[in-house]
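Chemist: below are the sequence and a predicted model; questions follow.
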Amino acid sequence: MDSAFLRDFSRRFFICIFSLMFGMGMMIFLIALNARLEQKNNFQIKLAKTSVKTADKITVKKEFAKKTEKKKKRKKSEAMIIADEIVRLAATKDIKKRLNHKVFSDDFFVALQFQESRACEKAVSSKGAKGRFQVTPIAVQAVVEYLDCLKTQEKLDYRGPGKISSAMAKQIVDLFAKNPRYDEANSKLYFLSIHDAESPYNQKPNRNVFHGKSIKEQQRLALYCYLGGPELRLNPRRVEASGRQYVKNIFGFMKTSKKIRKNIKEIYNYQGNDVDELIISVMREMEVSNQDPRNYASLDKKIIKRKIG
């Protein structure tokens with residue numbers, strides 16, 4: 001073999017090996033590229049599926065939120081209807097005739113709301129009582145049952161349900177915190193449900209514990225019930241010292257309210273419709289000025305004059 005042949009063979013062999021390696025390299029590159037593209041494609045598919053799932057979840061959550069909101073609105077509207085019915089009936093002649101105004105006077109209710117919350121609409125107790133009169137869901141349920149009882153006896157045009165759930169009663173109490181009219185109406189009807197001779201509380205086999213008692217004693221028993229439940233009217237000795245002090249405070253506030261009312265009407269000849277609010281305002285200022293609202297003798301009469309203007 002001559003050198004020219006060897007050189008040509010070597011060149012061809014080198015080209016063949018290079019082509020083979022280049023081909024293998026390209027094949028490996030294409031396989032890797034294809035695998036990469038498949039991986040990327042799979043990732044995009046997975047991402048798309050995840051996005052669809054997320055979108056579905058968001059849609060489901062939005063639909064659930066809408067349904068929940070609708071339920072809340074429906075419950076609120078139902079609560080509003082019942083609350084409006086309570087206010088309507090509290091103002092009727094039938095209810096006013098049933099309510100003993102000597103026992104449950106305007107001064108009684110002024111004193112009660114002052115004791116309960118200092119007549120603050122936004123007051124909320126640790127037990128969930130709300131509003132000026134610190135009404136509880138149980139009290140609302142009792143009022144609804146009492147109104148339905150009168151409806152059954154065909155003595156009242158009540159247009160609401162006979163019983164309501166605790167959740168519904170809570171919705172109504174929330175409304176009381178926003179509107180003092182609901183609050184006061186429910187409190188009056190609650191006292192009536194306990195005191196009325198035709199209430200189930202005072203029908204056989206129960207006994208009417210209010211019958212024949214003095215006005216003050218009837219007020220005392222009614223306040224015990226308001227504080228601790230209707231059962232206390234049957235056994236007032238179970239009332240604790242704090243409960244007795246509670247009633248004592250209200251009696252003191254009642255005396256002050258009565259005397260302030262007399263001053264406003266007789267001495268200052270005030271003819272406004274907001275006498276109760278004026279009395280509460282005076283009693284608040286008494287407290288701020290370190291004068292005991294339970295003791296009218298401690299009142300600086302200039303406060304009344306200043307409030308009237």
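Modeler: Yep, it's here. Numbering: from 1, shown residues only.
Chemist: break this protein into its domains for me.
Modeler: Under the assignment automatic domain parsing, the domains of the chain span 58-103+117-210, 241-309.
Chemist: select from these the stretch with the lowest mean pLDDT.
Modeler: Lowest mean pLDDT of these: domain 58-103+117-210, a mean of 86.
Chemist: starting at the chain centroid, how far to it?
Modeler: Centroid separation for domain 58-103+117-210 versus its chain: 12 Å, with C-alpha atoms, centre = their mean, to the nearest Å.
Chemist: distance between the ends of it?
Modeler: Using C-alpha to C-alpha, to the nearest Å, the end-to-end distance of domain 58-103+117-210 comes to 61 Å.
Chemist: nearest to Met27, out of the domains of the chain?
Modeler: Nearest of the domains of the chain to Met27, taken as C-beta to C-beta: domain 58-103+117-210 at 45.9 Å. Where C-beta positions appear, they are placed from N, C-alpha and C, glycine not excepted.
Chemist: with distance to Glu38 and mean neighbour count as added columns, please give the domains of the chain in TSV.
Modeler: Below are those laid out as TSV (distance: least, C-beta to C-beta, whole Å; neighbours: other C-beta atoms under 10 Å):
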stretch	distance to Glu38	mean neighbour count
domain 58-103+117-210	30	17
domain 241-309	78	16
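Chemist: need the ones you listed in TSV with distance to Ala35, can you?
Modeler: TSV is the format used below for those (distance: least, C-beta to C-beta, whole Å):
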stretch	distance to Ala35
domain 58-103+117-210	34
domain 241-309	81
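Chemist: now Ile86: which helix or strand?
Modeler: helix 3-90 (DSSP states H and E).
Chemist: packing partners of that helix?
Modeler: If you count contacts as 3 or more C-beta pairs under 8 Å, 6 or more residues apart in numbering; DSSP states H and E, helix 3-90 packs onto helix 137-152, helix 166-176, helix 180-195.
Chemist: who are the packing partners of the very next helix or strand once past it?
Modeler: Using DSSP H and E, the helix or strand that follows helix 3-90 in sequence is helix 93-98. In terms of contacts (3+ C-beta pairs under 8 Å, 6+ apart), helix 93-98 is packed against helix 180-195.
Chemist: toward the C-terminus, what is the element adjacent to the helix it packs on?
Modeler: Past helix 180-195, the next helix or strand by DSSP H and E is helix 215-228.
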